[in-house]
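1. my questions concern the predicted model and sequence given below.
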Amino acid sequence: MRLISKLTFVMLLVAMTASCGRSNGSAGAETADADSCAWVGVPLADPFILLDGDTYYAYGTGDTGIDVFTSDDLVHWTPAGRALDQANSYGDHWFWAPEIYKVGDRYLMYYTAEEHVCVAEATSPTGPFKQAEHKPVFAWDERNIDNTLFIDDDGTPYMFFDRLVPEGLQINVVQLNPDLLTVAPDAEVTKCIERSQDWEQDNVNEGSYVMKHGDTYYMTYSGNGYTNPGYGLGVATAKSPRGPWTKYEGNPVFQYPANDALGRLEGVGHSAMFRDKEGNLRIVFHAHKEPGTVHPREMYVSDVTFTDDPVPVMQISQERMFKCLTPEQSNNLK
């Protein structure tokens, strides 16, 4: 959710040498690349990946704007500049949790600036994204963050978002107008979930993402504060976007994940899902830089599958998760 220190991205890249090779997406191949070349993880928190054509675009939280990386294999990523700048948006700091969707011939970026939900538009996934009016989506003077778009089968658009209330962070939903940019003044805001399970040590439910599988709606969300090593992912289900939402009894579904290539990760959360080029369902999330060190958080990808139960259970793979990598030209990531 939040960024404490400014991230300075490496904008000039060294050429990839033959010894680096190309990964086939397996954890072992990624580790071989990391061992043979000077690689660092992609420093994106609250990440989101858009597949447009044959290119993947990754976005994440920033201090003074939103930057974008590109990839053709989900493993090797190249900085591609600034997608959203202060001059074209509401607010001048705390640019958090962007999500980008292609709708017709336009690209919409839903993001948070200064703890207010905003939407910007562009004609390219790399931007520049701009707000026609530099103002938040919601007219009320309340702090809201971590917005995500969901369009139901009947075309009805919904925005899920976090409300910062005295009790903590809770996830709510509201229906958008057909323009996907605004909310009706009298729109009904419905509370979906809030802290309610023992593993959620902090008063935090945040960073939701919603999808539909069969006739069931699935919400991934993050529990605990983002600096907590136990920051993890829970799942809730419903039969309608407005709920009622019921959390899995087996939550958290993804906390302290580990495999032979990566070891154990801490602070995993704020996820989003997407289909890769082969149509497989993937999830992107961030983890702490390393145990005991939160920043800069780094981007990871894993697989998502569903069981054959009457109400299918969402599963996130630990064995097939891998770290997203970018070449390091100089030691100027701060």
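-> Structure received.
2. what's the neighbour count on the closest residue to Asp105 other than its chain neighbours?
-> Leaving out its chain neighbours, the residue that sits closest to Asp105 by Cβ to Cβ, 6 or more residues apart in numbering is Thr123, at 7.1 Å. Placement of C-beta: from N, CA and C, glycine included. Using other Cβ atoms under 10 Å, Thr123 has 11 other residues around it.
3. so the nearest residue to Ala45 once chain neighbours are set aside versus Asp202, what's the distance?
-> Excluding its sequence neighbours, the residue lying closest to Ala45 (Cβ to Cβ, 6+ apart) is Arg297, at 3.9 Å. Arg297 sits 17 Å away from Asp202, going by Cβ to Cβ, to the nearest Å.
4. okay, the two: which has more neighbours?
-> Between Arg297 and Asp202, counted using other Cβ under 10 Å, Arg297 has the larger neighbour count: 30 against 17.
5. tell me the contacts of that one?
-> Residues counted as contacts of Arg297 (Cβ atoms under 8 Å, 6 or more residues apart in numbering) are Pro43, Leu44, Ala45, Gly267, His286, Ala287, His288, Lys289.
6. what is the fifth one paired to in the beta sheet?
-> So that's His286. Gly269, Met299 (DSSP bridges).
7. quick check: pLDDT value at it.
-> pLDDT for His286: 98.
8. tell me where the model's unsure across the stretch 151-300 of the chain.
-> Along the stretch 151-300 of the chain, no part satisfies pLDDT under 70.
9. distance of Gly279 relative to Phe150?
-> For Gly279, the distance to Phe150 - Cβ to Cβ - is 20 Å.
10. which of the two has more residues huddled nearby?
-> More neighbours surround Phe150 than the other of Gly279 and Phe150, with 19 against 6 (other Cβ under 10 Å).
11. excluding sequence neighbours, find me the nearest residue to Ser317.
-> Ser317 sits nearest to Asp303 (Cβ to Cβ, 6+ apart), 4.3 Å away.
12. ah, wrong one, I meant Phe161
-> Asn147 (4.3 Å).
13. which residues touch the one you found?
-> By Cβ under 8 Å, 6+ apart, the neighbours of Asn147 are Ala97, Glu99, Tyr110, Tyr111, Thr112, Val117, Val137, Met159, Phe160, Phe161.
14. quick one: neighbours of the third one, just the number.
-> The one in question is Tyr110. Count around Tyr110 with other Cβ under 10 Å applied: 24.
15. hmm, Phe129 and it touching each other?
-> No. Tyr110 is not in contact with Phe129 according to Cβ atoms under 8 Å; the separation is 10.3 Å.
16. where along the chain do the helices fall?
-> 27-36 (DSSP state H).
17. could you measure Asp308 against Val189, distance?
-> 36 Å.
18. for those two, work out which one has more neighbours and name it.
-> More neighbours surround Val189 than the other of Asp308 and Val189, with 16 against 6 (other Cβ under 10 Å).
19. what bridges to the more buried one?
-> Beta-bridge pairing for Val189 (DSSP bridges): Val174.
20. now do the contacts for it.
-> Asn172, Val173, Val174.
21. can I get the residues you listed in CSV including neighbour count and distance to Arg242?
-> Formatted as CSV, these follow (neighbours: other Cβ atoms under 10 Å; distance: Cβ to Cβ, whole Å):
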residue, neighbour count, distance to Arg242
Asn172, 18, 10
Val173, 24, 6
Val174, 21, 9
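22. in a markdown table: those, plus distance to Tyr59.
-> Converted to a markdown table, those look like this (distance: Cβ to Cβ, whole Å):
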| residue | distance to Tyr59 |
| --- | --- |
| Asn172 | 23 |
| Val173 | 22 |
| Val174 | 23 |
